[in-house]
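Enquirer: I would like to see how this sequence folds:
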Amino acid sequence: MKEKKTPLVRLAKRDGMEAWKVWCIRACSVVLALLLGALLIAVTGSNPLTAYGTILSGALGKKTAIRQTVKIAVPLLGCALAIAPCFKMRFWNIGAEGQITAGAIAASYFALFWAGRLPGPVLLPVMGLAGAIAGGIWALIPAFFKAKWNTNETLFTLMMNYIVIGLVRWLQGGPWEGRPGSQIIPQFDPSACLPRVLGVHCGWIIVLVLVVFMHVYMRYTKHGYEIAVIGDSVNTARYAGMNVGHIMMRTLFLSGAISGLVGYIIASGANNTLYDGVAGGVGFTSITVAWLSQLNAFAMVGISLLLAVLSKGAETLQTRMSIPASLSDIITGILLFCMLGCEFFINYRLIFRGKSHKEGVRS
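Expert: Okay, the predicted model is just below:
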């Protein structure tokens, strides 16, 4: 009987890797991304060093630029915190965009129709609470169907995004329309707008508090432990006596509530009004933030700021060097691809034919 040939290259799961090697691989991935980005910039006829310097100065060079960068990072960080417990539980919540929008709608209702009835110190917390409840309920719907009938949560949460965005469009051209025919919802009363702290709306303080809360919740509470067990094995969780359906719905409500709170922050702090693009793609971009940070709440702060710097710097790149902003999006994509790709080499190693398991090439 002919002996089966060993494959030229095999993959083997790593048992573990020293922390310094892990960070070396990650640093190398960032350097590789910058080199590839520099090559791309050079092809356009621009100086890569000047372009990178322009991105940094455009995002961090002035106080106004720093404030704008922080304003971009706040919803990214908040939404990444929201979806982290879902992903830890292996519930693929792709509906954060809709949950943000649902929270913004609920907060906007009180901003538009209760601004004259409630004083600002009462109105703002009511708006935040309404946004959190609305976002939580919107996330609870797919969680209930998943727990009851094991529906596909990815498609369910994704489709619900379009429903709530359609609802905003109806409000814009209908009950909440300002000037007839404008299809624009009026600006909020000043009492319904988040106050500024250090030049930026105080949403950044709320989100930083959430960072600490989620870190403690995920690592040191019974609920966090249950989420981790379900993520490892649903059958093990059931064998241990856990009510998987209840935990799933509770976790999704929390996730949606935080997303709804982010919607409140965006509507009341950044935009001071409501429109159909209020989420601005944050719900999808935050998925990348969550994965790059390995669902670590504190690591999300750095990743969110990095993406915010690239986003804000892209505007300056376009105005100062006449380089299309889309090029910065490509550079961002290369950076994210390299950073995500490096995790493969952290978790796996390549073993070439003729090499023993111990002699496998570590990449």
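
Enquirer: which residues in the stretch 251-363 of the chain form helices?
Expert: Applying DSSP state H, counting those that start in this stretch to the stretch 251-363 of the chain gives helices spanning 282-292, 297-321, 325-347.

Enquirer: what does the shortest one contact?
Expert: By C-beta atoms under 8 Å, 6 or more residues apart in numbering, the residues outside helix 282-292 that reach it are 75-77, 79-80, 82-84, 87, 94-100, 161, 259, 262, 266, 299-300, 303-304, 307, 336, 339-340. Where C-beta positions appear, they are placed from N, C-alpha and C, glycine not excepted.

Enquirer: buried ones in that helix?
Expert: By 16 or more other C-beta atoms under 10 Å, the buried positions in helix 282-292 come out as 282-283, 285-292.

Enquirer: cool, the longest one as well?
Expert: Neighbour counts using 16+ other C-beta under 10 Å place 297, 300-301, 303-318, 321 of helix 297-321 among the buried residues.

Enquirer: Now do stretch 304-314: distance to the chain's middle.
Expert: How far stretch 304-314 lies from its chain's middle: 13 Å, per C-alpha atoms, centre = their mean, to the nearest Å.

Enquirer: helices or strands up against the helix or strand harbouring residue 77?
Expert: Taking DSSP states H and E as the criterion, residue 77 maps to helix 63-88. If contacts are counted by 3 or more C-beta pairs under 8 Å, 6 or more residues apart in numbering; DSSP states H and E, helix 63-88 sits against helix 48-60, helix 96-113, strand 200-201, helix 203-220, helix 222-232, helix 244-265, helix 282-292, helix 297-321.

Enquirer: gap between that helix and the chain center?
Expert: Relative to its chain's centre, helix 63-88 lies at 7 Å (C-alpha atoms, centre = their mean).

Enquirer: Could you check the angle that helix makes with helix 48-60?
Expert: 90 degrees (axes from the mean of the first three to the mean of the last three C-alpha atoms, to 10 degrees).

Enquirer: Could you turn the buried ones of the contacts of helix 282-292 into a PyMOL selection?
Expert: Selection of the buried residues among these in PyMOL, burial being defined by 16+ other C-beta under 10 Å:
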select buried, resi 75+76+77+79+80+82+83+84+87+94+95+96+97+98+99+100+161+259+262+266+300+303+304+307+336+339
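
Enquirer: who's in contact with residue 246?
Expert: residue 147.

Enquirer: Look up how far residue 144 lies from it.
Expert: Distance from residue 246 to residue 144, counting by C-beta to C-beta, to the nearest Å: 11 Å.

Enquirer: pLDDT below threshold where in this protein?
Expert: Along the chain, the parts satisfying pLDDT under 70 run over 1-6, 325, 353-363.

Enquirer: biggest helix in it, by residue count?
Expert: For the chain, the helix with the greatest residue count under DSSP state H is helix 120-149.

Enquirer: who does the helix or strand just after it touch, helix- and strand-wise?
Expert: Per DSSP H and E, helix 120-149 leads on to helix 153-173 as the next helix or strand towards the C-terminus. Other helices and strands packing on helix 153-173, by 3+ C-beta pairs under 8 Å, 6+ apart, are helix 96-113, helix 120-149.

Enquirer: Now distance to residue 200 too, for these, in TSV please.
Expert: Converted to TSV, these look like this (distance: least, C-beta to C-beta, whole Å):
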stretch	distance to residue 200
helix 96-113	18
helix 120-149	16
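
Enquirer: Quickly compare these and say which is most buried.
Expert: Burial of those is given as mean neighbour count (mean count of other C-beta atoms under 10 Å); helix 96-113 ranks first at a mean of 28.
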